[in-house]
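Student: here is my input, please return the structure:
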Amino acid sequence: MLDHHFTRNCLASAILSLLLTVSASAQNNRSFVAITGNDSNTCSAAAFCRTFTRALAVTNSEGEIVVVDSGGYGPATISQPVTISAVGIVASITQTTSGQNGFTINTSGNVTLDGLSLHGQGVGAQGILVQNVGLLFLNNMSADGFTENGLEVAGGSVYVEGSAFNLNGFNGIALDSGQTAYVHNTTLAKNGDAGFLLGSGTAVIVDSSARANPHGFQVGYPATPGSGGKLDLIRDESVFNTIGLITNSALSAIRLSYCIIAENGTNSFQIVAGGTITGTNPGSNVIVGTGVGTLGTPTSLQ
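Tutor: Take a look at the predicted model:
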């Protein structure tokens with residue numbers, strides 16, 4: 001006859017082993033990173049981890065990663081819907097490896113990044129490369145010093161609020177996806193090509209500025225017939241660039257409302273290959289300096 005005590009003890013041991021296994025593989029709805037953390041930890045509120053890469057690995061889809069204190073947390077690839085937030089502190093990614101991106105995003109879900117500073121140091125490739133995303137929300141972000149773009153969107157849509165994309169080798173923001181971008185209260189300064197490049201799709205930029213770039217706001221690629229899209233600029237500034245506004249294809253259109261286009265070195269605007277630049281009525285604009293091409297008749301708003 002079996003010893004009932006022995007049977008109960010074996011059953012209890014099996015249950016405990018199962019619980020420990022489940023616990024070891026459990027994911028967090030909310031993970032935490034800190035400069036005092038360790039990537040061997042669980043990334044819980046009681047056991048911080050050290051890097052974004054580790055935190056992403058143990059965070060559920062649509063979960064959150066909270067940055068606890070100021071410091072650098074390393075480049076990372078985001079492959080699930082997630083929120084990474086750093087509020088009231090200085091949380092950064094500083095590149096030391098040539099050709100590496102700050103963030104690479106590839107997910108069909110939504111991603112939110114809040115309060116992070118990305119520094120390319122003249123060696124990092126892209127501040128944020130979006131290969132695919134549902135909606136990307138960027139709040140109070142900065143990306144500077146990358147050899148390519150501060151932000152490149154190759155697939156998906158993006159909302160940018162209160163951010164800065166400066167001193168990058170190519171463009172501050174480049175939208176290639178053929179979808180949509182909304183940018184508000186954002187600075188695009190001293191990038192190597194354009195402050196904002198709309199390769200295709202539709203973008204609305206409000207209360208923002210492009211300064212000291214070769215091209216302030218650019219729609220379409222030169223000598224690429226299928227490129228271009230529609231860019232609405234509302235209460236924006238394009239100043240101290242070489243060319244303030246440029247359209248590069250027949251599919252390229254810029255519409256202005258209450259904008260200031262002034263003190264640009266070569267031309268305030270340049271219309272190439274059948275593109276259009278028009279104002280709105282009402283919505284008076286200040287355009288100072290020479291231009292190439294003819295501005296369209298202001299669009300009447302009802």
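
Student: could you pull up the residues touching the residue nearest to P225 when sequence neighbours are not counted?
Tutor: Distance criterion CB to CB, 6 or more residues apart in numbering; nearest residue to P225, sequence neighbours excluded, is S249 at 6.1 Å. No exception for glycine: its C-beta is placed from N, CA and C like everyone else's. Residues in contact with S249 (CB atoms under 8 Å, 6 or more residues apart in numbering) are V219, G220, Y221, T224, P225, G226, S227, G228, V272, A273, G274, G275.

Student: how about V133?
Tutor: V133 neighbours (CB under 8 Å, 6+ apart): I105, N106, T107, S108, G109, N110, V111, V153, G155, G156, S157, V158.

Student: give me the buried entries from those residues.
Tutor: Among the contacts of V133, those classed as buried by 16 or more other CB atoms under 10 Å are I105, N106, T107, G109, N110, V111, V153, G156, S157, V158.

Student: so the fifth one sits right up against V130, yeah?
Tutor: In this case it means N110. No - using CB atoms under 8 Å, N110 makes no contact with V130, being 11.8 Å away.

Student: between the two, what contacts are shared?
Tutor: Residues touching both N110 and V130 by CB under 8 Å, 6+ apart: L136.

Student: who touches the residue nearest to P214 when sequence neighbours are not counted in this structure?
Tutor: Nearest non-adjacent residue to P214, counting by CB to CB, 6+ apart: T242, 4.6 Å away. T242 makes contact with N213, P214, H215, N264, G265, T266, according to CB under 8 Å, 6+ apart.

Student: swap in A203?
Tutor: Per CB under 8 Å, 6+ apart, neighbours of A203: L175, T180, A181, Y182, V183, F196, G229, K230, L231, D232.

Student: secondary structure element for it?
Tutor: Secondary-structure assignment from DSSP states H and E places A203 in strand 200-206.

Student: buried residues, that strand. List them.
Tutor: By neighbour count with 16+ other CB under 10 Å, strand 200-206 contains the buried residues S200, G201, T202, A203, I205, V206.

Student: so the first one versus N191, what's the distance?
Tutor: Pointing back at S200 there. Applying CB to CB, to the nearest Å, the value for S200 to N191 is 19 Å.

Student: from the contacts of S249, which two are the most distant?
Tutor: The most widely separated members of those, counting by CB to CB, are G226 and V272 (15.0 Å).

Student: so which of those two has more stuff around it?
Tutor: Neighbour count, other CB atoms under 10 Å: between G226 and V272, V272 has more, with 16 against 11.

Student: mind checking how far the closest residue to the more buried one other than its chain neighbours is from S238?
Tutor: The spatially closest residue to V272, leaving aside those adjacent along the chain, is N248, at 5.1 Å (CB to CB, 6+ apart). In this view, N248 and S238 are 16 Å apart by CB to CB.

Student: more neighbours, those two?
Tutor: More neighbours surround S238 than the other of N248 and S238, with 30 against 24 (other CB under 10 Å).

Student: if I look at the more buried one, how far off is T96?
Tutor: Taking CB to CB, one finds S238 at 34 Å from T96.

Student: try E161
Tutor: Look at E161 and T96: by CB to CB, they are 29 Å apart.

Student: comparing the two, which residue is more hemmed in?
Tutor: Shown here are E161 and T96; by other CB under 10 Å, E161 has more neighbours (15 against 12).

Student: so the more buried one is in contact with T186, correct?
Tutor: Yes - contact criterion CB under 8 Å: E161 and T186 qualify, at 7.5 Å.

Student: and the pLDDT for the residue nearest to P214?
Tutor: pLDDT, T242: 98.

Student: against H215, how distant is it?
Tutor: To H215, T242 is 7 Å away according to CB to CB.

Student: confidence score at the closest residue to L167 other than its chain neighbours?
Tutor: Take L167 and drop its neighbours on the chain: the residue closest to it by CB to CB, 6+ apart is D144, 4.6 Å away. Here the pLDDT value assigned to D144 is 98.

Student: what of G178?
Tutor: 82.

Student: what about it, how many residues nearby?
Tutor: Neighbour count for G178, taken as other CB under 10 Å: 15.

Student: is it true that it touches S200?
Tutor: Yes - the criterion here is CB under 8 Å, and G178 meets it with S200 at 4.4 Å.

Student: any shared contact partners between those two?
Tutor: Contact criterion CB under 8 Å, 6+ apart; residues shared by G178 and S200: G229.

Student: contacts only, for V33.
Tutor: By CB under 8 Å, 6+ apart, the residues touching V33 are 43, 48-52, 54-55, 65-68, 73.

Student: again, but for V183
Tutor: Taking CB under 8 Å, 6+ apart, we find V183 in contact with Y159, V160, I173, F196, A203, V204, I205, V206, S208.
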